[in-house]
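1. Dropping the sequence and predicted coords here.
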Amino acid sequence: MLRDELNNAMKDAMRSKDKRRLSTIRLIMAAIKDRDISVRTESDSKVGDPEIIEILSKMVKQRHDSIKAYDDAGRTELAQQERDEIDIISEFLPRQLDTGEIEAAVKATIEKTSASGLKDIGKIMATLKGEYSGQMDFSKASAMAKDLLS
């Protein structure tokens, strides 16, 4: 389970005194704990691996946005810090599909859902998110689907 993997990585970072890795993993664990608390009000369960992958993907996206802002402001040291955090967070994410694999998945999903026009984008994206959660950039997939259907 991903939660156990994160706990073990945190312990390893503590043992090796890797401050950057430890602080990043603690941020991840805090985000997961926050989601656990919000879910607990609805039921007695904790979030599972799909939700953790969603949290990690969101954290990577936030860091990409921060990198752009830091680069625009000339704060290269802060941008590098964000890049380092992305590398650490990405270790716990499933392998990301490259552009060719995303295109193949979009084409297969269009065929599987019998999509015929732009009105079917929602159905295509829902299917892709179900099958490839955390494995692709869905904004790229959406753009590809729009190009293929128009």
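-> That came through fine. All values reported here derive from a predicted model rather than from experimental measurement.
2. all helices of the chain, in order?
-> Taking DSSP state H to define them, one finds helices in the chain at 2-16, 19-40, 49-72, 76-90, 99-113, 121-131, 138-149.
3. Would you format these as CSV with mean neighbour count and mean pLDDT included?
-> Where you see a C-beta, it was placed from the backbone N, CA and C, and this is true even at glycine. What follows is those, written out as CSV (neighbours: other CB atoms under 10 Å; pLDDT from 0 to 100):
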stretch, mean neighbour count, mean pLDDT
helix 2-16, 14, 94
helix 19-40, 15, 92
helix 49-72, 16, 91
helix 76-90, 16, 95
helix 99-113, 15, 90
helix 121-131, 15, 89
helix 138-149, 15, 88
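4. Which residue, other than its chain neighbours, is closest to the most far-flung residue of the chain relative to its centre?
-> Note on the chain: the largest C-alpha distance from the chain mean falls to S116, namely 29.0 Å (CA atoms, centre = their mean). Nearest non-adjacent residue to S116, counting by CB to CB, 6 or more residues apart in numbering: L149, 7.5 Å away.
5. State whether that neighbour and G117 are indeed in contact, as I suppose.
-> Yes. L149 is in contact with G117 according to CB atoms under 8 Å; the separation is 5.8 Å.
6. any idea how far A31 is from the spatially most central residue of the chain?
-> With distances taken as CA atoms, centre = their mean, the residue of the chain nearest its centroid is S57 (1.5 Å). To A31, S57 is 11 Å away according to CB to CB, to the nearest Å.
7. pretty sure R83 is touching I67, no?
-> Yes. The criterion here is CB under 8 Å, and R83 meets it with I67 at 6.4 Å.
8. how close does D49 get to L2?
-> Distance from D49 to L2, counting by CB to CB: 5 Å.
9. Domains in this protein, by residue range?
-> As given by automatic domain parsing, the domain ranges for the chain are 2-90, 99-149.
10. Excluding chain neighbours, what is closest to K112?
-> Nearest-residue entry for K112: T127, 7.0 Å, with adjacent residues in sequence omitted and distances by CB to CB, 6+ apart.
11. who's in contact with the one you found?
-> T127 is in contact with T109, K112, T113, counting by CB atoms under 8 Å, 6 or more residues apart in numbering.
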